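1. I need the structure of the sequence given here:
(one chain, ligands or ions: 1)
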Amino acid sequence: MDVNERIKAVLAEHPMVLFMKGTPQFPMCGFSSRAAQALEQAGATFHAVNVLADPEVRAALPHFANWPTFPQLFIQGELIGGCDIVEDLKSSGELARMALDVSGAVRA
Ligand SMILES: N[C@@H](CCC(=O)N[C@@H](CS)C(=O)NCC(=O)O)C(=O)O
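-> Next up is the predicted model:
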């Protein structure tokens, strides 16, 4: 499976995916740490992919998503954005609503 197929497979398997540097428990970059924290504070259940552990995904995702930096949050296969956008969505309450919608979609 090539790297784009692997990215698509992760996005198909998990409704919320955060591509980040490090893990939510051990983030390796402040931006990734803040995005993961915002998701946790919003009550989101998300799948995290450590791009530092997968150089192929790290190199391919900016082209795949047309977004140059990490972290990158995807919801139901669509790019939502990076740390700034995730924090804005959390502050407005929208991230919690999106997380609820996703969990409802999983239950349905
Ligand atoms: N303002 C950005 C900040 C993210 C950012 O600048 N990330 C850098 C440092 S972690 C990055 O991914 N650089 C490219 C790379 O390391 O591949 C956001 O909202 O996510």
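2. Contact partners for the nearest residue to Lys21 once chain neighbours are set aside?
-> Leaving aside its sequence neighbours, Lys21 sits nearest to Cys29 (Cβ to Cβ, 6 or more residues apart in numbering; 4.0 Å). Bear in mind the C-beta positions are built from the backbone N, C-alpha and C, glycine included. Residues counted as contacts of Cys29 (Cβ atoms under 8 Å, 6 or more residues apart in numbering) are Met20, Lys21, Gly22, Phe70, Pro71.
3. make it 10 Å
-> Counting by Cβ atoms under 10 Å, 6 or more residues apart in numbering, Cys29 makes contact with Met20, Lys21, Gly22, Ala35, Val51, Leu52, Thr69, Phe70, Pro71, Cys83.
4. Now the fourth one: which helix or strand?
-> Ala35 is part of helix 30-41 when elements are defined by DSSP states H and E.
5. So for the closest residue to Ala44 other than its chain neighbours, what's the pLDDT?
-> Once flanking residues are discounted, Ala44 sits nearest to Ala99: 3.7 Å by Cβ to Cβ, 6+ apart. Listed pLDDT for Ala99 reads 96.
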